[in-house]
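Undergrad: predicted model and sequence follow; I will ask about them next.
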Amino acid sequence: RAVPSRHHNIMYDHISGKGIINGISWSAFERFSVQGIQFVVFVLMARILMPTDYGLVSMLAFFIVIAQLIAEGGLSQAIIRKLDHTEDDCSTAFFVNVAIGIGSYLVLFLMAPVIARFYEEPELTCLLRVLALCIIIQSTLVVHRAILTSCLDFKTQAKSTLVGALVSGITGLLMAYNGCGAWSIVGLQITNQVATAITLWIVTDWRPRMRFSTRSFRNLFGFGSKLLACNVLDSIYQSLYTLAIGKVFSAYALGCYSNARQLGSISSENLSRVVQRATYPLFCNFQNDLQRLQNGVRNYLRLATFFISPLMIGLAAIAEPLTLALIGQQWLYTAHLLRLLCFSFMFFPLNSINYMILEIKGYGSTYLRLQTFNVICGLVLLVAMLQFGLSAVCCGLFANSVISFAVNAHFAGSRIGLGIINQIKAILPSLAIAAITGIVVYGVQSILVGDWLRVLVGILVGLLSYIGLSVVFLTGTCELVADLLRNKK
């Protein structure tokens, strides 16, 4: 029997459909309410903890992220993409996820002393053995979230993640104020997973049945395995930066880099993922309708650039006063890294939508080849830049983002008649206006005194400049935004 899924009956002519706006609204509420809480907690904890505390936990990110992806196995995306997924599909995926999650935890438990010796940080053994419990907990939620996402039910997911953020935030702050150091961050992450899992199981009706279908596994894994390989490659590439920085430089440098990434990703990656979570199941309905898919992707590119490029360029312009105002002088190096990373984050939604095209159209092999090329290119740049310092490494990230966009847009976008030239035409006007706005903001805030004054004036000047220039020069995109708002109502 097929699992009830409201998206089976949803078909939209363009990206401005009411259903997708409702999905984006709840996805945005979940993401940004949780991020808002976590941001406040981060600011308060960063004022107590030292960069080395964050650096120690960040050293483990490579191993935790890879293990979590392996445990997921790409099955969640396979369930979302399969419009007629059944109870057998979901139950099979659940037990596979949990079994691999437990196995991954045991591997990391045994490898913990080796990893600690690699970094020459003995404390990492216990930290990893506790933090890796997140892998098992996360594996029990993969199918629940896939089912809810396929139904565009982000409201239910928002409830669980909001509870997790609140409970873990309180726990992390209490531990930090009581001098627990790096364990405060571990405690925060563990309680977040536990509270989220308990809440999600309470508020959702679906329960796994004691059945395993070899046929279901083959069908799901046939598609999911390619996504798994791509996701693992991408995560290896992203996490190798933390591994290399922690090994070559220091826990302090890694702590500053990790928090610079966290500050920058709040705008770029989170906003992108909000939209993608809502658009992916809807775009899957367009997989056999080229014109609808092409229009949807083009509008996505225009809107993503319209909102994200000014955020990232503006954040780069006020990076120093913002960092000093929020988390203090001990994080000054973070401000410098943040300014460089913002330009790389700007390309995140552009690369993501091109990968999404390949997922939707079923070009798993092309996706894997592109991901492999981008990872190799990134690793070559990482090795080349390490000898010149951490700033050069961040510049290498930006260079790889640009190269990846060019390659992805050519090979993925051309599959739907939206190659690199058409994509550049879609994003260039907003990028140009954002760049002009960033120059104005940087010039104005640099002549002021006082961190908060520089931040507030910079934000105000940026808003007025960007909105004014957009109304004059980006009338088409402004009309698209207005249409979206009208359809919401």
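TA: Received, thanks. Numbering: from 1, shown residues only.
Undergrad: make it CA atoms for all contacts and neighbour counts henceforth
TA: OK.
Undergrad: what residues does stretch 377-393 touch?
TA: For stretch 377-393, contacts defined as Cα atoms under 8 Å, 6 or more residues apart in numbering pick out 237, 241, 245, 337, 340, 396-397, 400.
Undergrad: what residues of it count as buried?
TA: For stretch 377-393, the neighbour count (16 or more other Cα atoms under 10 Å) marks 377-379, 381-382, 385-386, 390-393 as buried.
Undergrad: relative to residue 406, which of those residues is nearest.
TA: residue 377 (12.7 Å; Cα to Cα).
Undergrad: alpha carbons only: can I get the helix or strand harbouring that closest one in PDB?
TA: If you go by DSSP states H and E, residue 377 is part of helix 364-386. C-alpha atoms of helix 364-386 as PDB (Å, rounded to 0.1, in the frame of the first residue of the first chain):
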ATOM      1  CA  GLY A 364      22.700  10.000 -11.100                       C
ATOM      2  CA  SER A 365      25.900   9.100 -13.100                       C
ATOM      3  CA  THR A 366      26.400  12.600 -14.300                       C
ATOM      4  CA  TYR A 367      25.800  13.900 -10.800                       C
ATOM      5  CA  LEU A 368      28.500  11.600  -9.500                       C
ATOM      6  CA  ARG A 369      31.000  12.600 -12.200                       C
ATOM      7  CA  LEU A 370      30.400  16.300 -11.700                       C
ATOM      8  CA  GLN A 371      30.700  15.900  -7.900                       C
ATOM      9  CA  THR A 372      33.900  13.900  -8.400                       C
ATOM     10  CA  PHE A 373      35.400  16.600 -10.600                       C
ATOM     11  CA  ASN A 374      34.500  19.400  -8.200                       C
ATOM     12  CA  VAL A 375      35.900  17.500  -5.200                       C
ATOM     13  CA  ILE A 376      39.200  16.800  -7.000                       C
ATOM     14  CA  CYS A 377      39.500  20.500  -8.100                       C
ATOM     15  CA  GLY A 378      38.800  21.600  -4.500                       C
ATOM     16  CA  LEU A 379      41.400  19.300  -3.000                       C
ATOM     17  CA  VAL A 380      44.000  20.400  -5.500                       C
ATOM     18  CA  LEU A 381      43.300  24.000  -4.500                       C
ATOM     19  CA  LEU A 382      43.400  23.100  -0.800                       C
ATOM     20  CA  VAL A 383      46.800  21.400  -1.100                       C
ATOM     21  CA  ALA A 384      48.100  24.300  -3.200                       C
ATOM     22  CA  MET A 385      46.900  27.000  -0.800                       C
ATOM     23  CA  LEU A 386      47.800  25.400   2.600                       C
END
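Undergrad: okay, the angle between the very next helix or strand once past that helix and helix 364-386?
TA: Downstream of helix 364-386, the first helix or strand assigned by DSSP H and E is helix 390-411. Counting by axes from the mean of the first three to the mean of the last three Cα atoms, to 10 degrees, helix 390-411 lies at 160 degrees to helix 364-386.
Undergrad: what's the average pLDDT for helix 390-411?
TA: Model confidence over helix 390-411, given as mean pLDDT, is 91.
Undergrad: just how off-centre is that helix within its chain?
TA: The chain centre lies 17 Å from the centre of helix 390-411; the measure is Cα atoms, centre = their mean, to the nearest Å.
Undergrad: mind checking how far residue 295 is from residue 478?
TA: Noted for residue 295: a distance of 17 Å to residue 478, by Cα to Cα, to the nearest Å.
Undergrad: nope, residue 66 is what I was after
TA: From residue 66 to residue 478 the distance is 40 Å (Cα to Cα).
Undergrad: go on, residue 348?
TA: To residue 478, residue 348 is 22 Å away according to Cα to Cα.
Undergrad: ok, now residue 180?
TA: Distance from residue 180 to residue 478, by Cα to Cα: 49 Å.
Undergrad: ditto for residue 127
TA: Counting by Cα to Cα, the gap from residue 127 to residue 478 is 49 Å.
Undergrad: now residue 161
TA: Following Cα to Cα, the distance that separates residue 161 from residue 478 is 32 Å.
Undergrad: so the two - more neighbours on which side?
TA: Neighbour count, other Cα atoms under 10 Å: between residue 161 and residue 478, residue 161 has more, with 23 against 17.
Undergrad: show the pLDDT at that one.
TA: pLDDT, residue 161: 84.
Undergrad: residue 133 too?
TA: On the pLDDT scale, residue 133 gets 93.
Undergrad: the closest residue to it other than its chain neighbours: how many residues sit nearby?
TA: The spatial neighbour of residue 133 that comes closest, neighbours along the chain excluded (Cα to Cα, 6 or more residues apart in numbering), is residue 105 at 6.7 Å. By the criterion of other Cα under 10 Å, residue 105 has 24 neighbours.
Undergrad: before we move on, what about residue 417?
TA: Residue 417 has 13 nearby residues by other Cα under 10 Å.
Undergrad: which residues touch it?
TA: Per Cα under 8 Å, 6+ apart, neighbours of residue 417: residue 294.
Undergrad: how near is it to residue 361?
TA: 13 Å.
Undergrad: go through the protein and flag its longest helix.
TA: When the chain is scanned for its longest helix (criterion: DSSP state H), the result is helix 214-248.
Undergrad: ok, then the element right after that one?
TA: Defined by DSSP H and E, the subsequent element after helix 214-248 is helix 251-265.
Undergrad: helices or strands up against that following helix?
TA: Of the remaining helices and strands, those touching helix 251-265 by 3 or more Cα pairs under 8 Å, 6 or more residues apart in numbering; DSSP states H and E are helix 51-58, helix 214-248, helix 332-345.
Undergrad: let me have these in JSON lines, extended by distance to residue 146, mean neighbour count and mean pLDDT.
TA: Shown next, in JSON lines, are the helices and strands packed on helix 251-265 (distance: least, Cα to Cα, whole Å; neighbours: other Cα atoms under 10 Å; pLDDT from 0 to 100):
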{"stretch": "helix 51-58", "distance to residue 146": "28", "mean neighbour count": "23", "mean pLDDT": "88"}
{"stretch": "helix 214-248", "distance to residue 146": "13", "mean neighbour count": "20", "mean pLDDT": "74"}
{"stretch": "helix 332-345", "distance to residue 146": "26", "mean neighbour count": "23", "mean pLDDT": "91"}
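Undergrad: alright, that wraps it up for me.
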